[in-house]
Every structure is written in structure tokens, then in C-alpha cells.
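Chemist: With the sequence up front, the predicted model follows.
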Amino acid sequence: MNQPTREGDRPWGHYEVLLDTDTHKVKRIIVQPGKRISLQKHMRRSEHWVVVSGEAKVTLNGEFIFLQSHHSIDIPCQAVHRIECVGTEPLVFVEVQMGDYFGEDDIIRIDDDFGRHE
């Protein structure tokens, strides 16, 4: 079994890979208060997010969904999505990716607070 590995810090927080296989990938993601990931989509994977702690605002295909601890949401392949920390404490969630490719270059950024592009 793989050991968790912390990836490089991101402008919104950081993540660590808990498991990486040919069929799925699992990450623990921490988003700092007031920060959000880019508005994005993936061509080759879907995701399932489970909030562990904190408060989240999820954008999914133009709709806003608010999640708290123990809530979860499915992000279908090619859906436009984003998650942001709307509470005063960091948002911690687990992301399970399913598909045939899990590379970071499968992120198509539509909008990004930090000037990053595809």
C-alpha cells in the first residue's frame, strides 16, 4: 500500500495522495479559509468528495451547493466544478477519483484566482 505523500503547496492550501492505482486515486485536500480551487473540469475522470471538517461551497455546472462535515457530492466527468472554504476553519475533504487517467494535466481551468491556466 502506498504511503501518503504531501504534494507541493498550492495557493489555496495543499493536498496529499493517500492512494494511487490504475483504477482510482484518493487525495486528502485542505483548502484554507476564504480560498477556492480553480473553476475546472476533467475529461477523463469523475470525482466523489466527502467533507471531513469545515464548510464548503461547491459550484457544480453553475449551481451552488453548501456542504458541511459528513456531507458528500459526486462530480461527474466533464462537469464544471469548484470548491471553496466558506468557514473560518480550513476545509478538509477526501477526493476519490475514478476514470482511466489521473494526471494533473487533465485539469481544464475555466477561471482561477491565482492566474493559472491549463
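Modeler: Sure, I can see it.

Chemist: center of this structure - which residue?
Modeler: The structure's the chain has its C-alpha centroid closest to residue 95; by C-alpha atoms, centre = their mean the separation is 6.1 Å.

Chemist: Next, the contact list for it, please.
Modeler: Contacts for residue 95 (C-beta atoms under 8 Å, 6 or more residues apart in numbering) come out as 15, 26, 27, 29, 47, 48, 49. In short, each C-beta sits where N, CA and C put it, glycine included.

Chemist: Tell me the spacing between it and residue 107.
Modeler: 13 Å (C-beta to C-beta, to the nearest Å).

Chemist: now do residue 113
Modeler: 14 Å.

Chemist: With residue 50 instead?
Modeler: 20 Å.

Chemist: burial count for the nearest residue to residue 71 once chain neighbours are set aside?
Modeler: Residue nearest to residue 71 in three dimensions, not counting chain neighbours: residue 51, with 5.2 Å by C-beta to C-beta, 6 or more residues apart in numbering. Neighbourhood size, residue 51 [other C-beta atoms under 10 Å]: 20.

Chemist: what's the answer for the one 10 residues further on, then?
Modeler: A count of nearby residues for residue 61, using other C-beta under 10 Å, gives 11.

Chemist: Which secondary structure state is assigned to residue 33?
Modeler: Following DSSP: H, G, I helix; E, B strand; the rest coil, we place residue 33 in the coil state.

Chemist: give the contact list for it.
Modeler: Counting by C-beta under 8 Å, 6+ apart, residue 33 has contacts 85, 87, 88, 89, 90, 91.

Chemist: hmm, which of those are the buried ones?
Modeler: Buried residues within those, defined by neighbour count using 16 or more other C-beta atoms under 10 Å: 85, 91.
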